[in-house]
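Engineer: My questions concern the predicted model and sequence given below.
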Amino acid sequence: MPKTCSVCGSDTKLRCGACKQVFYCSRKHQVQDWKFHKTRCVAIAKKKNPPVDEKEMKIRVNQVLATITKFDEGVRKMICDYYSNIIEVKSMDELCAALKRVSSLKDRRFTISVAEGPYVSSTALEIPADYIRKFEGVGMDRQGSTILDMPVKVVASTQVPRDKRASSFEFELIGLRVLKQLRIETKDCIPRMKIERVHSTTPSSGSHSEDDAMVIESARKVLMNDCEVHGGADGLEIIDADVHIKSSEIRFAASRGIFASSHFTVEDVEISNCGGYGMKTRMGVTRIGDNDIQPGPWDNHPGYGGLFM
């Protein structure tokens, strides 16, 4: 039996991925309805997946291990590590303690799940991507309810042994609102990275001397999907990084939406309302899909060469 969109009433098979009880015909209508649906959605999700304390988690892990005795010790350790390496935090103190813990246990990689609510600090929050596989907040859209009111810096160290830096290492930053600069600087140490449903804002007074809202530097393959970047001197600065920006919006920068010194890709991206123009693309840009980008002098630049303007 076909279900109907909660917003327009049209037939659809798409539904909310969290509670799986409300249907939408499109992502646009899901985002539009989120302000009404979120209270019910979170309540249903919590009822279906109640928080699990550490004691209960150990019981569940032992139950899983008891059913897989036919596997070798390496497989058992991998499954145990997966379930025990999830850290849930609900306060700024717990978040700081979690980051300190993952940095001390350097033979494991963790998922840090940050609960709803504002997290405020006068100092920058440093996230060690060497030891965290996923850092995730609460929220189905870019206006998520996990708010980090501080500069956030994702870092990686070249001091981590190469045998610990396997080619499958990935880092994910998901479902956050960052109210100061977000900086990714991983020294080419993380092969793949995903930034998804992240809203990064740096208040802009129109001055070119301000911080950029988001900086991605010395990173390998980075997928930036369904994100918003607002404000800053430039909205997004890309330095020596392979970045694919998809289904995202960059607005209200004092100067340029994107300032890039390396080649990058835009796919279904909107860049608008910037004080200067949309993009500076010294090393070229690949355009895919339906982009709506504020015009500028670098729009027809072939890349590779020329001086910065």
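Structural biologist: Perfect, I can see it now.
Engineer: Would you check that Arg220 makes contact with Lys187?
Structural biologist: No: with contact defined as CB atoms under 8 Å, Arg220 does not count as touching Lys187 (9.9 Å). In short, each C-beta sits where N, CA and C put it, glycine included.
Engineer: In the protein, where is pLDDT below threshold?
Structural biologist: 1-2, 42-58, 60-84, 106-107, 139-144, 158-169, 204-209, 301-309 (pLDDT under 70).
Engineer: For it, just list every one of the helices.
Structural biologist: Per DSSP state H, the chain carries helices over the ranges 27-48, 54-66, 73-84, 92-104.
Engineer: just the strands in the stretch 51-200 of the chain please.
Structural biologist: 86-89, 110-114, 117-120, 125-128, 132-136, 146-149, 152-155, 170-178, 182-185, 192-202 (DSSP state E, counting those that start in this stretch).
Engineer: what do you get for the stretch 201-309 of the chain?
Structural biologist: 214-225, 228-231, 236-246, 249-251, 256-260, 264-267, 270-272, 277-281, 285-288, 292-293.
Engineer: which one of the ones you listed has the most crowded surroundings?
Structural biologist: Burial of the strands of the stretch 201-309 of the chain is given as mean neighbour count (mean count of other CB atoms under 10 Å); strand 256-260 ranks first at a mean of 27.
Engineer: Give the partner strands of it in its sheet and their orientations.
Structural biologist: strand 236-246 (parallel), strand 277-281 (parallel) (DSSP bridges).
Engineer: how far off strand 214-225 does it point, in degrees?
Structural biologist: Relative orientation of strand 256-260 and strand 214-225, computed by axes from the mean of the first three to the mean of the last three CA atoms, to 10 degrees: 90 degrees.
Engineer: roughly how far is strand 256-260 from the heart of the chain?
Structural biologist: Chain-centre distance of strand 256-260: 19 Å, with CA atoms, centre = their mean, to the nearest Å.
Engineer: can you list contacts of that strand?
Structural biologist: 212, 229, 234-238, 243, 245, 250-251, 264, 266, 271-272, 274, 276-283, 285, 293-294, 296 (CB atoms under 8 Å, 6 or more residues apart in numbering).
Engineer: coming back round to it: would you format the strands of the stretch 201-309 of the chain as JSON lines with distance to Glu126 included?
Structural biologist: As requested, those are exported to JSON lines (distance: least, CB to CB, whole Å):
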{"stretch": "strand 214-225", "distance to Glu126": "14"}
{"stretch": "strand 228-231", "distance to Glu126": "20"}
{"stretch": "strand 236-246", "distance to Glu126": "19"}
{"stretch": "strand 249-251", "distance to Glu126": "25"}
{"stretch": "strand 256-260", "distance to Glu126": "24"}
{"stretch": "strand 264-267", "distance to Glu126": "25"}
{"stretch": "strand 270-272", "distance to Glu126": "29"}
{"stretch": "strand 277-281", "distance to Glu126": "28"}
{"stretch": "strand 285-288", "distance to Glu126": "30"}
{"stretch": "strand 292-293", "distance to Glu126": "33"}
